[in-house]
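**Q** Would you be able to build a 3D model of this:
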Amino acid sequence: MANNKTEPTVSFAQLRSTLLTSQINKKDPALFQFLNQLIDMLQLNKDQTDTTITNLPNLTDVNFLVYTDSLKKLINSKTIVEFLLRGLRADQPDPGAVPQGSLYFVTDELVTEQTDGFNWVAYSA
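**A** Have a look, this model is predicted:
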């Protein structure tokens, strides 16, 4: 018997509207910023995967962002959790130890940085 289960449709406008009306930006600005960036990243990933990927020179040089572990079938695929990190500055991983492009929210400084594979670069302040 075939599995006809479909994934729920995600409305990024509805997610953003819910986030904005939740008043979390007043209660916990750091969490608000993190969730807002998560929505941006999810939407960007969905937009990119909705387009046709052609002429990839080498699949081993490409990171694929997937929603769940059950979708990790592509070479170098990473779950969203592997790209969105947060914690104290002292606990920030080496920029080469995480997938290039990962975001790290420094909770004790309220800033977000992105790795280029060699350095953590300011993403927001």
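
**Q** how about the helices of this structure, start to end?
**A** Taking DSSP state H to define them, one finds helices in the chain at 12-21, 24-27, 29-50, 80-83.

**Q** Any chance of CSV for those helices, columns mean pLDDT?
**A** Listed next are those as CSV, based on pLDDT from 0 to 100:
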stretch, mean pLDDT
helix 12-21, 84
helix 24-27, 85
helix 29-50, 80
helix 80-83, 63
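
**Q** TSV for the ones you listed, including mean neighbour count?
**A** In short, each C-beta sits where N, CA and C put it, glycine included. What follows is these, written out as TSV (neighbours: other CB atoms under 10 Å):
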stretch	mean neighbour count
helix 12-21	12
helix 24-27	12
helix 29-50	14
helix 80-83	15
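
**Q** so which of these gets nearest residue 123?
**A** helix 29-50 (8.2 Å; CB to CB).

**Q** Now do that closest one: which elements does it pack against?
**A** Packing partners of helix 29-50 (3 or more CB pairs under 8 Å, 6 or more residues apart in numbering; DSSP states H and E): helix 12-21, helix 24-27, helix 80-83, strand 84-87, strand 103-106, strand 111-115.

**Q** closest one to residue 45 among these?
**A** Ranking the helices and strands packed on helix 29-50 by proximity to residue 45 (CB to CB) places helix 80-83 first, at 7.8 Å.

**Q** returning to what we had before: to residue 34, which of the helices and strands packed on helix 29-50 lies closest?
**A** strand 103-106 (5.2 Å).

**Q** Strand partners (parallel or antiparallel) of the closest one?
**A** Paired neighbours of strand 103-106 in the sheet (DSSP bridges): strand 84-87 (parallel), strand 111-115 (antiparallel).
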